[in-house]
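Model the following, please.
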Amino acid sequence: MPRLKIALAMSLSAAKLCAHPATYLTDRFAQPVRTLLPADRFPAPAPATEAVDASGHRYVVGPFGVTVALATGERHALPGATVLPVSKLTCVACAANGDVWFGSTQGAIRWTGGRVGYYAGRRWLPDDSVESLECLPDGSVRLWTPGGISHLRFPSMTLEEKAAHYEQLTDARHNRFGFVTGCRLLQPGDLSRTEHHIDDNDGLWTAMYVAAEAFRYAVTGADDAKSKACASLLAILSLEEKTSIPGFPARALTHKSEADFGRARGSEWHPTLDGEWEWKGDTSSDEMDGHYFAWPVYYDLVADEEERERLRSMVRRVTDYILDNGYYLLDLDRRPTRWGVWAPERLNDDPRWRAERGLNSLEILSYLKVAHHIAGDARYEAAYRELTATHHYARNMLEQKVLPGDFPGAENNHSDDELAFLAYYGLLRYETDPNLRALYVASLERSWQIERAEKCPLWNFIYGATTGRPCDSEAAVESLQEIPLDLIEWKVTNSHRADLKLDPHIGRHGERQALVPVRWPERRLHKWNGNPYELDGGNDLTEECGTFWLLPYWLGRYHGIIGDCGDLDGAGRGPEIAN
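So this is what the prediction gives:
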C-alpha cells in the first residue's frame, strides 16, 4: 500500500472537498488518430458536392460554404448559426453516426453534435487540399489529398489508458541521464530518428516530471513510478552538486558523451571539476520554482528516511544561499542571475521590477514555507514572517497576475502563470495561518479567474486542491481528453479562420492571437507555459514529452478530482502534510 494512504487518514474529514465532482476513471471518450496511406492504396471516390443524412437533410457545398436543403425545398444554414473555419468547400459526406464531413482547400471540417472540429496541417493531413472523402461504417473517415490519403479514426479510450500511452512515449525518447524534456526530430514528423534536447529549463521540466511520478506512486503504489521519480530527483539534485557552489543549481548539464559537450555555446557553460560534465549558469527562477515544487512532493509521498535527510541537506544549502546573499541567486561571477531576484529593495522599490513584484513575492514565500516544512529550521520561518510583516509580500501577491494595461510595459506572460501556480501549490499546502491564507487564496482566486477561460487542467486542479472550491473539473478533463496522442509540435495555421475572432493585441512574442483559446487538436502543441490563444506556430521538428499531461492528471487523481467519490482516492484531498 502506498505509504501516503496511511498518512492521509489523519485528516480525512478535512480532506473531503465535496466541491469537486469526480470524473470517473471508466469514462471513455473518442480520441482522434491519424494514419497516412499512399495515394494508390484506395481509389478516390468522385468528389461529392451534395450528401444526404439519415433524416433526409441534403447538404450542398461550394465555393461559398454550405446550405442545408429540407425535403420541403427550404434552404438553411447549419443550425445554431454555426460558422465554419473556411468557406471554400470542395466535398461533403454524411456518416451513419450523424457526423457531417466537409473537405476544403484548407483542411477538413467535422460537424458533430453541434460542434465544429477543424483538421488541418500535417498533424492530420498530408496536404491541406482535400479533394474527396469517404465516411466508413465504423465512424472513421478517409480523406484524399494531393499528398496521399489520411485515415482518421476515433477509438474510445480512458484517461488511464491515455496516461499509459504518454508514459511509454516519454520512456522511449525523452530521458537523458534522468533529465526529462522534449526531443528533436532529425526529419520533419519522423519519430524514427530523434536526438535529446538539452533545454535551458531542464531543471523545471524534470522537476515537474518528478512530481508527476510521485503523485502516480502515491495513487497506485507502482514500483516503476517510484524508481522513475527517484532517478529524476537524483538528476535535479545533481544540478546543484556539480556546480561546486553550495546552494547554486545549474540550469542544465551536458555530459562529455553528448554531441554538444565542448561546443561554444556562450559564456554561461562551465566545466565541472572532474571534467565529466558542463553546467549552465544564469539559473532562472523557473528552475527554482520547479525544485521547490518537486522537493516537498517527493519528500511527502515517496522518500524514505535516507532520501529525506538528503533532501533536507539540499533544501538547507539552496535556501541558505538565497538568504545569505540578501534574497538574490548569485552566479559564478557573484552577480545575481537575470531572474534570481527576490529582494525587497528590488521588488518594492525598483520600478524596473514592478512586473515581477507579485510573482517573485509569491515565489520566495513559497520557497521559505517549503524549506521550513522539510528542514524545520527556525531561520526560514523568521525570514518568512519578516517578508510578510515588514515588507508586505503577502499583500504584494494580491495582484500577482499582470495584464496589459495594468501599468506601462505590463504583458500577459503565460510562462509566469506556470511559475505562479507551482508556487501557490507549495505555499497553500503548508500555510495554516488563517489570516495569511485569506490573502493567498484571494491572490489565487484572482489569478485563476483570469486564467479560467483557458481550461488548463494544471491551473484548475491546483486551484481546487488548495482551496477546496469548485475548479471547473469538467473543463479541465475535457482538455486532458482533447490533447492529441501525437505530441509532435506540428505547424498549424489558424489566422485565416472565419470562426475565430482575432484579438487586436498581439502576444508577448509578437504572435497573432484569437480572443478565445484555440482547441487542443487545432493549436500548436505546447507545455503549460505556452500561449493557448496563439493562432499560428509549430515547426514539425520537436516532440514534447508527456510530463505536461501526466502532472495534472496524477495531481488530479491524488487529490480526488479525478476518481470515484465513493472511496478514499475520490474524496478530494486538502493540504495534507506527512511528517
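
ok, now how distant is the residue of the chain positioned farthest from its centre from V60?
For the chain, the residue at maximal distance from the C-alpha centroid (C-alpha atoms, centre = their mean) is T72, at 50.1 Å. The spacing between T72 and V60, counted by C-beta to C-beta, to the nearest Å, is 15 Å. Just so you know, the C-beta spots here come from the backbone N, C-alpha and C atoms, and that holds for glycine as well.

check contacts around W339.
For W339, the contacting residues are S284, S285, D286, E356, by C-beta atoms under 8 Å, 6 or more residues apart in numbering.

State the mean pLDDT of the host helix or strand of E161.
Per DSSP states H and E, E161 falls inside helix 159-173. Averaged across helix 159-173, the pLDDT comes to 97.

Looks like L359 contacts D416 (just checking).
Yes. L359 is in contact with D416 according to C-beta atoms under 8 Å; the separation is 5.5 Å.

Could you pull out the residues contacting both of the two?
With C-beta under 8 Å, 6+ apart, L359 and D416 have common neighbours V402.

and the spatially most central residue of the chain, what does it touch?
With distances taken as C-alpha atoms, centre = their mean, the chain has W528 as the residue nearest its mean C-alpha position (3.2 Å). Residues near W528 by C-beta under 8 Å, 6+ apart: H414, D417, E418, C456, L458, W459, F548.

count of residues packed around the fourth one?
Just to be clear, that refers to C456. If you count neighbours by other C-beta atoms under 10 Å, C456 ends up with 25.

Same check on the fifth one?
L458 is surrounded by 24 other residues when neighbours are defined as other C-beta under 10 Å.

neighbouring contacts of the helix or strand where it lies?
Assessed by DSSP H and E, L458 sits inside helix 457-467. Applying C-beta under 8 Å, 6+ apart, the external contacts of helix 457-467 come out as 17, 19-20, 417-418, 421-422, 424-425, 428-429, 441, 444-445, 448, 451-452, 469-473, 475-477, 479-480, 528, 548, 551-553, 555-556, 559, 561, 572-575.

List the buried residues for it?
Of all the residues in helix 457-467, those buried under the rule 16 or more other C-beta atoms under 10 Å are P457, L458, W459, N460, F461, I462, Y463, G464, A465, T466, T467.

will you turn those into JSON lines that also has distance to P434 and pLDDT?
JSON lines is the format used below for those (distance: C-beta to C-beta, whole Å; pLDDT from 0 to 100):
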{"residue": "P457", "distance to P434": "29", "pLDDT": "98"}
{"residue": "L458", "distance to P434": "26", "pLDDT": "98"}
{"residue": "W459", "distance to P434": "24", "pLDDT": "98"}
{"residue": "N460", "distance to P434": "24", "pLDDT": "98"}
{"residue": "F461", "distance to P434": "23", "pLDDT": "98"}
{"residue": "I462", "distance to P434": "20", "pLDDT": "98"}
{"residue": "Y463", "distance to P434": "19", "pLDDT": "98"}
{"residue": "G464", "distance to P434": "20", "pLDDT": "98"}
{"residue": "A465", "distance to P434": "18", "pLDDT": "98"}
{"residue": "T466", "distance to P434": "14", "pLDDT": "98"}
{"residue": "T467", "distance to P434": "13", "pLDDT": "97"}
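
What is the nearest of these to T181?
For the buried residues of helix 457-467, the residue nearest T181 by C-beta to C-beta is L458; the value is 16.8 Å.
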